[in-house]
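*Asks:* Need coordinates for the following:
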Amino acid sequence: MPINIPKKMPAREILEVEKIFVMDEERAIAQDIRPLNILILNLMPEKQKTEVQLLRLLGNTPLQVNVSFLHMATHQSKTVSKSHLDQFYTTFSEVKNQYFDGMIITGAPIEHLPFHEVTYWEELKEILEWTKTRVTSTMHICWGAQAALFYHYGIDKYDLPEKCSGVFQHQISDPKIKLVRGFDDLFFAPHSRNTSVSEDEIIQHPDLLLLSNGEAGPFMIISKDEKNIMLTGHLEYDTTTLEEEYERDLNKGIDIQPPENYFPNDDNTRKPLNTWRSHSHLLFSNWLNYYVYQETPYEWK
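*Replies:* You can find the predicted model right below:
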């Protein structure tokens, strides 16, 4: 089944080349089914790359998905054109009276800041509170996961001695949980962050379940009411994303090690291999099926 996105969105051409099933509004109206409405709060600086990454995964299920993109009204992006935001994005004030079947809140490269120093923290708090009653299930990624853990559950992040960057092995604590149905007992996922969260605090919290951890610490956390899913890594990343981030940091003069377990034989002159793609698709398919489609009301009251 397809994802429904605007006809002129740049991501559309890339997805069609990859044979991802996309449709525009005119064709979607003719479909006599109830599509899922997914809202994506895209906090990443390179928004168009993140759009493609997430749409690729949302478009690989048997469900028709309408996708809307949200940006922060209280923050002016320096890395994407205003025309792109005006054409393809909306703001919270324009959607806050609506209901959404699912929502994704991405990461953001602002981990060095305490939450209260983030320019759009007050707006994000309002959105996080709104998801409690207006969204069936919310997936939070990297910094978005840390923000959710802090706001909803009082678990703060802490600084790492050096950046966690690479592809790390993880294990599942309970394979019967629907989110990881079909996962291997051990699997790989990319991480790229300067902060982490306490495994002990997560385990001890009465409302949370640590579903997956490994070499990079806690990875998948799910609330016991299944409303919130927090991922501290980036299963949505492309094969080359960590390489691009590494080169970007080097060009900024940052003293940083190459991503771990990423380049073959740790040789950064060789092309990296993607060892997480199948689990990326499986994760998003499970989320859409078990936590969104099967849980959301057919008609919101």
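*Asks:* by contact count, what packs against the lengthiest strand in the chain?
*Replies:* Using DSSP state E, we find that the single longest strand of the chain is strand 157-172. Packed against strand 157-172, as judged by 3 or more Cβ pairs under 8 Å, 6 or more residues apart in numbering; DSSP states H and E, are the following elements: helix 143-153, strand 186-197, strand 208-214, strand 217-223, helix 241-251. To be clear about C-beta, it is placed using only N, CA and C from the backbone, and glycine gets the same treatment.
*Asks:* mind putting these in CSV, distance to residue 133 included?
*Replies:* Output for the helices and strands packed on strand 157-172, formatted as CSV (distance: least, Cβ to Cβ, whole Å):
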stretch, distance to residue 133
helix 143-153, 13
strand 186-197, 26
strand 208-214, 20
strand 217-223, 15
helix 241-251, 34
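*Asks:* Identify whichever of the ones you listed lies nearest to residue 10.
*Replies:* Shortest distance between residue 10 and those, using Cβ to Cβ, is found for helix 241-251: 17.6 Å.
*Asks:* For the closest one, buried residues please.
*Replies:* With burial defined by 16 or more other Cβ atoms under 10 Å, the residues of helix 241-251 counted as buried are 241-243, 245-246.
*Asks:* shaky segments in the stretch 1-150 of the chain?
*Replies:* Across the stretch 1-150 of the chain, the ranges flagged by pLDDT under 70 are 1-3, 19-33.
*Asks:* Please, where are all the strands along it?
*Replies:* For the stretch 1-150 of the chain, the strands defined by DSSP state E, counting those that start in this stretch cover 3-4, 22-23, 36-41, 65-70, 89-90, 100-105, 135-141.
*Asks:* Tell me how many other residues crowd the nearest residue to residue 210 once chain neighbours are set aside.
*Replies:* Counting by Cβ to Cβ, 6 or more residues apart in numbering, residue 202 is the residue found nearest to residue 210 once chain neighbours are left out, at 4.9 Å. Around residue 202 there are 20 other residues, counting by other Cβ atoms under 10 Å.
*Asks:* Who are the contact partners of residue 202?
*Replies:* Listed by Cβ atoms under 8 Å, 6 or more residues apart in numbering, the contact set of residue 202 reads 149, 155, 208, 210, 218, 221.
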